[in-house]
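Enquirer: Got a predicted structure here, sequence first:
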Amino acid sequence: MKRVIRRAFWTVAVAGVAAACSRTEVRQAVPQGEQTGYPSGYASWKRLNPEPIIREGDRVARNLFANEAALHRDPSGVFPVGAVLVKEERALAPDPSGRLAPRDIVRVSVMFKVGRGQTDGWAFKAFDPATGQEFPRDRVDPDGCYFCHADARDRDYVFSDVR
């Protein structure tokens with residue numbers, strides 16, 4: 001009887017280890033907490049665009065920033081865990097001459113490299129710049145961010161040239 005129980009135990013244990021090791025999807029390598037919160041001080045990071053990217057149709061201007069980790073991709077172009085990319089969005093408003101110019105920050109959208117998994121290692125969030133609080137899902141769709149960035153899958157989901 002002990003032999004049957006021992007054999008059953010080892011069969012279950014080995015099957016469990018094999019199943020755990022064979023999973024190709026890991027939800028995240030680090031817990032999403034402080035690592036995926038509001039990126040305080042992002043404006044001091046490497047700015048990726050020399051001038052604001054103006055989208056008159058959206059009535060926003062965008063500035064892009066990368067933290068230090070994002071500047072060190074591996075030879076195949078994959079960003080390391082801990083890479084953070086920020087898209088600062090500013091409202092466009094007419095200047096005294098009537099031309100649209102960037103004004104107040106209205107949203108801070110962020111991509112965080114957290115590992116591998118459901119969204120190929122990236123977490124997407126958007127924050128209210130006045131409070132630093134994450135926008136609720138009825139104001140921002142992180143899944144939509146991922147599906148848009150899927151067009152840049154061959155560049156590890158990043159459109160911008162990060163150097």
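Expert: Done, it's in. Residues are numbered from 1 along each chain as shown.
Enquirer: Can I get the longest strand that the chain contains as CSV, trimmed to CA atoms?
Expert: The residue-count maximum for a strand in the chain (DSSP state E) belongs to strand 100-113. Extracted in CSV, the C-alpha atoms of strand 100-113 (Å, rounded to 0.1, in the frame of the first residue of the first chain):
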residue,chain,number,x,y,z
LEU,A,100,-1.9,75.5,-32.6
ALA,A,101,0.8,75.0,-29.9
PRO,A,102,1.3,72.5,-27.1
ARG,A,103,-0.1,73.5,-23.8
ASP,A,104,-1.0,71.6,-20.6
ILE,A,105,-0.2,67.9,-20.2
VAL,A,106,-3.5,66.0,-20.4
ARG,A,107,-2.3,62.4,-20.2
VAL,A,108,0.9,60.4,-19.5
SER,A,109,0.7,57.0,-21.3
VAL,A,110,3.3,54.4,-20.2
MET,A,111,4.6,51.1,-21.5
PHE,A,112,6.4,49.0,-18.8
LYS,A,113,8.5,45.9,-19.7
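Enquirer: List the neighbouring strands of that strand plus their orientation.
Expert: strand 84-94 (antiparallel), strand 122-127 (antiparallel) (DSSP bridges).
Enquirer: check contacts around Ala150.
Expert: Applying C-beta atoms under 8 Å, 6 or more residues apart in numbering to Ala150 gives the contacts Tyr157. Where you see a C-beta, it was placed from the backbone N, CA and C, and this is true even at glycine.
Enquirer: Need the phi and psi values for it.
Expert: Phi and psi for Ala150, reported as degrees, to the nearest 10, are phi -60, psi -20.
Enquirer: Which residue ranges of the protein form helices?
Expert: 2-22, 142-149 (DSSP state H).
Enquirer: Okay, buried residues for the last one please.
Expert: To tie it back to what came earlier, the one meant is helix 142-149. Neighbour-count burial for helix 142-149 flags Pro142, Cys145, Tyr146, His149 (criterion: 16 or more other C-beta atoms under 10 Å).
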